[in-house]
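*Asks:* can't give you the sequence, but here's the structure:
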């Protein structure tokens, strides 16, 4: 999946997560910001990260991560991803699961064409 800005396509990674309990949402979001967003902000090529909550299923979180290039995204080693995931899991526990993970190579026919961030 890609997002388009002035005819340039940015690679996008889309995760769908499910929390075991809706009441853990705020704790999850806080730790996600402290651990995952902090990690991503240090990475070359990181553009943005958004988390969307599905109103009809409030335990479902959509995480959208945009990169400047696939090459920069792929420079992050498996060890770095695993280490960050371990820190997150240690602090939050196992109260969530990955439902779906989309990469740009799956040819999703969706892209951001308009956005407003205050």
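*Replies:* Great, that's in hand. A quick note: this is a predicted structure, and the numbers were derived from the prediction, not measured.
*Asks:* After the helix ranked longest in the chain, which helix or strand is next? Please name it.
*Replies:* Using DSSP state H, we find that the single longest helix of the chain is helix 78-92. Scanning forward in sequence from helix 78-92, with DSSP states H and E defining helices and strands, the next element found is strand 96-102.
*Asks:* now that next one and helix 78-92, what's the angle there?
*Replies:* Direction vectors for strand 96-102 and helix 78-92, defined by axes from the mean of the first three to the mean of the last three C-alpha atoms, to 10 degrees, enclose an angle of 150 degrees.
*Asks:* for strand 96-102, which positions count as buried?
*Replies:* Using 16 or more other C-beta atoms under 10 Å as the test for burial, strand 96-102 gives 96, 102. C-betas here are computed from N, CA, C, even on glycine.
*Asks:* and what of stretch 62-72?
*Replies:* Applying a neighbour-count criterion of 16+ other C-beta under 10 Å, the buried positions in stretch 62-72 are 63-67, 70.
*Asks:* Going by secondary structure, residue 63 is in what exactly?
*Replies:* Counting by DSSP H and E, the element that carries residue 63 is strand 57-67.
*Asks:* what's whatever helix or strand comes next after that strand packed up against?
*Replies:* Proceeding C-terminally, strand 57-67 gives way to helix 70-74 as the next helix or strand, assigned by DSSP H and E. With contacts taken as 3 or more C-beta pairs under 8 Å, 6 or more residues apart in numbering; DSSP states H and E, helix 70-74 sits against strand 8-19.
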